[in-house]
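Peer 1: here is a sequence together with a model predicted from it:
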Amino acid sequence: MGGQQNADASDDRPTDDVGTLYVVGIGPGLPHAMTQRAKDVVANADCVIASNLYQEFLRRDGTLPPEDAVTDGGTATASPAARPDQEIVRSTMGRQVELAREAFERVRDGEDVAHVSGGDPNVYGKSDLLYLMAEEDGAYDVPIEVVPGVTAALGGAANLGAPLSNDFCTVSLSDKWRGWDEIEEKLRAAAISGFVIVLYNCWRDYERAIDVIREERADDVPVAIFNDAGRGDTGRNRDGETHTVTTLREATDHDDEVGGMGTSILVGNHETTVWENDHGEHLVTPRGGRDVEDF
């Protein structure tokens, strides 16, 4: 009798009734630059929410199966040989709130949902939106897990050498959520404090940002402009993955290299140097000094 009561109680537990909402950072997007955790979550999710560009990246090694059909609502049906039940939903900027709510409902219905974010979800990605929407909608019952990825600052720095080996910060130039006065205040504080600065969303007033930094930092400090870091020739930039080393004084003379959403600009500090070898120019910002003995 007691055993039967315990079994009934166990059947009432909703342990398997709710899925998980994963906010997945895929870095630059190509399979070689993703963590194994990110690939596994995307491949095994019941539903994947991703932009067309990220879907293309994820299909390159089969993390997502080939697209067989897309409905009017933007949902792709996976290849039967891979995951016949996996749904792929196209993400667009104008649908972010709607897709967040759809993700909550799917999770409540027991699905695991992978909401794909380029770079790292916590660096100008999608994690904040989903937490804010969960608060607004009272979705306290929805488990949310963030899967980290390689953000553009780190991917670009790797191509350049060792420019971020000391203190650094990132500043977005997008004025969608804050006014230029606040952006300028942050730029000025970062420049005065000696941080190496990585600028995101450089298609928005990057010349203005450089002018502010020049007021507080020497004109001869090294600057690097990089596009589609880690994406090779598969990104948005017409010239593929590129990086240009220049100086703060001459940074605004490179309009052709500031290509759009995939462009970031790294501004060195007084310790950053240009180091050259047989394979090109590299940037180095030493951690504790300029001598090996300092380590």
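Peer 2: Done, it's in. Residues are numbered from 1 along each chain as shown.
Peer 1: now stretch 17-27: mean pLDDT?
Peer 2: Mean per-residue pLDDT for stretch 17-27: 95.
Peer 1: mind listing what's buried in it?
Peer 2: The neighbour-count check on stretch 17-27 (16 or more other CB atoms under 10 Å) flags 18-19, 21-27 as buried. C-beta here means a position set from N, CA and C on the backbone, and glycine is covered the same way.
Peer 1: how about stretch 102-118?
Peer 2: 102-104, 106-107, 111-118.
Peer 1: now the helices for this structure?
Peer 2: 2-11, 36-44, 52-58, 96-108, 127-136, 152-160, 180-193, 206-214 (DSSP state H).
Peer 1: what's the most buried one of those?
Peer 2: helix 152-160 (a mean of 22; mean count of other CB atoms under 10 Å).
Peer 1: show residues contacting that helix.
Peer 2: Outside helix 152-160, the residues that touch it by CB atoms under 8 Å, 6 or more residues apart in numbering are 27-28, 33, 119, 123, 163-164, 168, 170, 198, 200, 224, 226, 229-230, 241, 243, 245, 262, 264, 266, 282-283.
Peer 1: let's go with 7 Å and repeat that
Peer 2: With contact meaning CB atoms under 7 Å, 6 or more residues apart in numbering, helix 152-160 is reached by 27-28, 33, 119, 163-164, 170, 198, 200, 224, 226, 229-230, 243, 264, 266, 282-283.
Peer 1: cool, stretch 190-207 as well?
Peer 2: 124, 152-153, 163-164, 166-175, 209, 213, 216-217, 252, 258, 260-261, 263-270, 272, 285.
Peer 1: need the mean per-residue confidence for that stretch.
Peer 2: 94.
Peer 1: can you show me the CA trace of it as PDB?
Peer 2: Provided in PDB are the C-alpha atoms of stretch 190-207 (Å, rounded to 0.1, in the frame of the first residue of the first chain):
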ATOM      1  CA  ALA A 190      38.100  54.700 -20.500                       C
ATOM      2  CA  ALA A 191      40.600  56.800 -22.400                       C
ATOM      3  CA  ILE A 192      41.700  58.600 -19.200                       C
ATOM      4  CA  SER A 193      41.900  55.400 -17.200                       C
ATOM      5  CA  GLY A 194      44.300  53.800 -19.700                       C
ATOM      6  CA  PHE A 195      42.100  50.900 -20.800                       C
ATOM      7  CA  VAL A 196      42.700  49.400 -24.100                       C
ATOM      8  CA  ILE A 197      39.300  50.100 -25.700                       C
ATOM      9  CA  VAL A 198      37.400  47.900 -28.200                       C
ATOM     10  CA  LEU A 199      34.600  49.700 -30.000                       C
ATOM     11  CA  TYR A 200      31.500  47.800 -31.200                       C
ATOM     12  CA  ASN A 201      28.900  49.000 -33.700                       C
ATOM     13  CA  CYS A 202      31.400  51.100 -35.400                       C
ATOM     14  CA  TRP A 203      29.200  52.000 -38.300                       C
ATOM     15  CA  ARG A 204      27.500  54.400 -35.800                       C
ATOM     16  CA  ASP A 205      29.700  57.600 -35.500                       C
ATOM     17  CA  TYR A 206      33.000  55.900 -35.200                       C
ATOM     18  CA  GLU A 207      34.800  59.100 -36.300                       C
END
